[in-house]
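Asks: after the sequence you'll find the predicted model.
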Amino acid sequence: MKKTISIVCLLFSFGVFASCPSVLDHKVRVLGSTETANLCEFQNKVVLAVNVASQCGYTYQYEALQALYEQHKEDGFVVLGFPSGDFFQEFTEEEKVKEFCQTTYGVDFPMFKRSHVTNGGKLRLRNYKANPFFAELIKKTGVQPAWNFNKYLIARDGSVKHYNEKVEPDSTLLTSEIVALISK
């Protein structure tokens, strides 16, 4: 019995049974499908979660997001896209969002269902709540997206930093933080 307990303790210390950080403990439907994913599958990665929109002045950031993903995905990094119409700049049909992202920018990082990412929008005049994942990001950072292409960088330990839409995905500010987190 003592030997079994020792082995289990050893496995915990090596992270074999590490629990998923609460910020990632959410099931979300994959964009344009009926399949769901548990974000815990990304628990041992550095995650950049971004609220995206296909018809925004910042939509060009898809290109840099995809490049960042390709550059670091083998190092334990992933970009997660969350299309939202909270700022009235996203297609209503998910298939159109999916097709636009893939054909225009070659996006192949994980994308999830179109959903709310704010609590009632910029002026809080609308009555809705952010999806549970973004609600958790807002809670952890104290910042809800004020526009499309806000970025939430999630470390492997579940800590979160927020970067607004003006911070480019390939900016030194963001990339240096990603590289630092990957190398931990």
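Replies: Received the coordinates, thanks. Everything numeric here is computed off the predicted structure, so don't read it as measured data.
Asks: quick check: Lys140 vs Lys98, distance?
Replies: 28 Å (Cβ to Cβ, to the nearest Å). Every residue, glycine included, has its C-beta placed from N, CA and C.
Asks: I'd say Asp108 and Leu65 touch.
Replies: No. Asp108 is beyond contact range of Leu65, at 10.9 Å (criterion: Cβ atoms under 8 Å).
Asks: of these two, who's got more company?
Replies: Using other Cβ atoms under 10 Å as the criterion, Asp108 and Leu65 rank with Leu65 on top: 23 against 13.
Asks: for the more buried one, what are its contacts?
Replies: 48, 50, 79, 81, 107, 109, 169 (Cβ atoms under 8 Å, 6 or more residues apart in numbering).
Asks: do the same with Ser54
Replies: 83, 89-91, 96-97, 100-101.
Asks: which of the residues you listed tops the neighbour count?
Replies: Pro83 leads the contacts of Ser54 on contacts (other Cβ under 10 Å) with 26 neighbours.
Asks: what residues are up against that one?
Replies: With contact set as Cβ under 8 Å, 6+ apart, Pro83 has these partners: 31, 51-54, 90-91, 94, 97, 111-115.
Asks: Ala53 versus that one, what's the distance?
Replies: As for Pro83, its distance to Ala53 is 7 Å (criterion: Cβ to Cβ).
Asks: any idea what the residue nearest the centre of the chain is bridged to?
Replies: The chain has Ala49 as the residue nearest its centroid, 1.9 Å off, counting by Cα atoms, centre = their mean. Ala49 has these beta-bridge partners by DSSP bridges: Leu80, Tyr152.
Asks: for it, report the pLDDT, please.
Replies: Looking at Ala49, its pLDDT is 98.
Asks: now do Leu123
Replies: For Leu123, the predicted pLDDT is 53.
Asks: just to revisit the earlier point, using CSV, lay out the contacts of Ser54 together with distance to Leu153, secondary structure and pLDDT.
Replies: Listed next are those as CSV, based on distance: Cβ to Cβ, whole Å; DSSP: H, G, I helix; E, B strand; the rest coil; pLDDT from 0 to 100:
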residue, distance to Leu153, secondary structure, pLDDT
Pro83, 19, strand, 98
Gln89, 23, coil, 95
Glu90, 22, coil, 96
Phe91, 26, coil, 96
Lys96, 28, helix, 97
Val97, 23, helix, 98
Phe100, 25, helix, 98
Cys101, 21, helix, 96
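Asks: who touches Thr36 in this structure?
Replies: 27-30.
Asks: okay, and Leu68 sits in which element?
Replies: Element membership for Leu68 (DSSP states H and E) is helix 61-72.
Asks: show me what counts as buried in that helix.
Replies: Judged by neighbour count using 16 or more other Cβ atoms under 10 Å, the buried positions of helix 61-72 are 61-62, 64-66, 68-69, 72.
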